[in-house]
Each structure stands twice: as C-alpha cells, then as structure tokens.
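> kindly return the folded structure for what I paste below:
(chains A and B)
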Amino acid sequence: MATQATTILIILSVIVIGLLVVRPSLMAVPGGKILAFIALFILPITALALGSVIHLEDAKSTDFCLSCHPMEAYGKSLRIDDPTYIPAIHFQNNRIPRTAACYTCHTNYTMFGGLKAKFGGLKHLYIYYFKTVPAKLALYEPYNNRECLHCHAGARSFEETSPHKEMKEQLSANEMSCLTCHTKIHDAQHVDQLKLWKGA
Amino acid sequence: MADNSPRLQRRLKIAAYLLIAGLVIEVVTLYWTSPISFIFFIGLSGTLVALGVIVTSLRSWPHNLLTAASPSYVVVTSPSNTSFISRGNGRSPKPAFALL
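All right, here's what the predicted structure looks like:
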C-alpha cells in the first residue's frame, strides 16, 4: 500500500516536473512559483523520505534476506520438521512473524546494526557480486542473548522454569549464551538431509 | 523563479532531468526486493534527487549571486539624486548592491 502510494506520488512529481520543463512560462503565472517549489523541492524530498522508509521496512522482510543465494539454506532451515530446532519451531508456530523471521532474531544485522555492521553489509554485497562466498557462513560476533530475551524476558514460562530461573542473571548479562544449551539452530550445512515441514 | 534568462532556464532543465532520473530509479528499486536495490536507491536515486534539489536551489538564488563575476552597482546619495554605476555585461536589469 505504501509502495503504491509512493509510486503515485513519484508519477505525479515526474508529470509536474516534465510540465515545467516543457512549459517554463507556467512559473510566471500566479501560483506558478508555488507549483515549481512543490514540484522541484517538496515532492522529490517527500518521495525520497518515503522511499527510505519503505526500503528499510522491506529490508526486514524474510524475502529480502532470502533473495541472496547463500541464505537459501538458512531459509530452508526454518522448515526443518523437528521441534528441537529453535529457529524452525519459532517460525512454524508463529512465535515470530513469518514475514520478518530473520530480522526478529537478528536485529543488529548489517544495516540495522552500528557503523561496523553497516560496513559489514556492504562487504557482503561486494563478496556476493565480485568474490566467492565462503562455504560456511558465521556471525561476526557471538549471538547476543538480547535477541531471545526481548521476547522471553518477563514471560512466565521462561522466568519460572528451571534452569532459566537459576541462571537468569547470567543470561541477562550475556555471560552465558542461550545457545550453550539450545544448540540446534539453523544447521544449514545439513538441511538438505533433514525432513522439512510442508505446511504454509 | 520567473526569470527567463537562458542560463537559468538551462539550469532548471538540468535540475528537472536529474530529479526525473532519480525518481524513476526510485520507482524501479521500490519494486525490486534485493539488497542491491537498496544500494541503487541510496547511491543512485538519492544522489540524483539530491543533486537536482541542489541545482534547483542554485537556480532560485538571487541572480546577482550567480553573476557575481560581473556585478553592477548603484550609488544612492539622496532620494532625489540617484546615480547608477553599471559594470559588467549589463544583463541584470536590477542593481546588485545599494550603497547608501
């Protein structure tokens, strides 16, 4: 919806700008200066701002992440038919929004992270288009518990069960990784040998 | 903005073409779901639109600032005694600076 609205705005801008180029005398008529100001300043800047918002939102989508070939195996791993696989069980049971599955658990990845992460994202593009992508991919930094705790912290099923209750402070302080116990994550290397869920 | 001098008309056209190119590229990137589309949006569309806006801003500056290399002057000594000292190409019908 936002994309269509922005497209209409851009088409309108292009028509008015084109009109001003073909008929510059329009700027001499009453209101012509205001029309030119809107067409040459307000509309393009608004279109650019709206475009940035749409692109940033789009970058959170699962389709965006999986549009790169090396991510396909990670996308497949969300469909592993085994409840012990953490990303798969979250994806299949709607514990995370399916349309933004990657971003929900990787909130500081590439352009959503700091300056270093943003440059990391540019490096990924460079490697993807001009170099050879490594066979095994890894995060630059250890997985941060914050990604789990932004949903689980405060939840009764998490706070009151053992062993979470006993190690709550360690987990909050990131001294112990959630992945120490929850070891089954994407397993992209072996995803082709695993049974996949055929559902929605 | 209503100034019809050929130089300013040309600048307006350049600004318009830059803006149109930037906006058309933006539409293409909006319907292209890929990390590279974001780079095209920021790197190409954003740059072209920004340049278009800057060129438009230059166009809307006072004409005297754009023709500063050949200024014209007016010296006003009293309301009833106004004398003009004109220099440069004389294209500008209005004086650039008033020295009271």
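
> show me the contacts for B:I39.
Neighbouring residues of B:I39 by CB atoms under 8 Å, 6 or more residues apart in numbering or on different chains: A:122, A:125. Backbone N, C-alpha and C define where each C-beta goes, glycine included.

> tell me the spacing between it and A:P87.
27 Å (CB to CB, to the nearest Å).

> quick one: mean pLDDT for the strand or helix carrying A:L56?
Under the criterion of DSSP states H and E, A:L56 resides in helix A:43-58. The average pLDDT for helix A:43-58 rounds to 92.

> which elements pack onto the helix or strand following that helix?
Toward the C-terminus, helix A:43-58 is succeeded by helix A:62-66 as the next helix or strand (DSSP H and E). For helix A:62-66, the packing partners by 3 or more CB pairs under 8 Å, 6 or more residues apart in numbering or on different chains; DSSP states H and E come out as helix A:72-77, helix A:101-105.

> if we use 6 Å, what do you get?
helix A:101-105 (3 or more CB pairs under 6 Å, 6 or more residues apart in numbering or on different chains; DSSP states H and E).

> domain assignment for chain B?
Listed by automatic domain parsing, the domain ranges of chain B are B:1-61, B:68-100.

> comparing these by mean pLDDT, which bottoms out?
domain B:68-100 (a mean of 47).

> now do the buried residues in the longest helix anywhere in chain B.
As assigned by DSSP state H, the longest helix anywhere in chain B is helix B:6-30. The neighbour-count criterion (16 or more other CB atoms under 10 Å in any protein chain shown) identifies B:8, B:11-12, B:14-23, B:25-27, B:29-30 as the buried residues of helix B:6-30.

> cool, and stretch A:64-78?
A:64-68, A:71, A:73-78.

> now it: average pLDDT?
Stretch A:64-78 comes out at a mean pLDDT of 91.

> what's in contact with it?
Contacts to stretch A:64-78, defined as CB atoms under 6 Å, 6 or more residues apart in numbering or on different chains, come from residues A:58, A:87-88, A:91, A:102, A:133, A:186-188, A:191, B:33-34.

> pull out the buried members of these.
Buried among the contacts of stretch A:64-78 by 16+ other CB under 10 Å: A:58, A:87-88, A:91, A:102, A:186-188, A:191, B:33.

> between those, which sits nearest A:E160?
Closest approach between the buried ones among the contacts of stretch A:64-78 and A:E160, by CB to CB: A:P87, at 24.4 Å.

> check the gap between that closest one and chain B for me.
21 Å (CB to the nearest CB, to the nearest Å).

> for that residue, give its distance to A:A200.
Distance from A:P87 to A:A200, by CB to CB: 16 Å.

> over to A:T132?
Per CB to CB, A:T132 is found 35 Å from A:A200.
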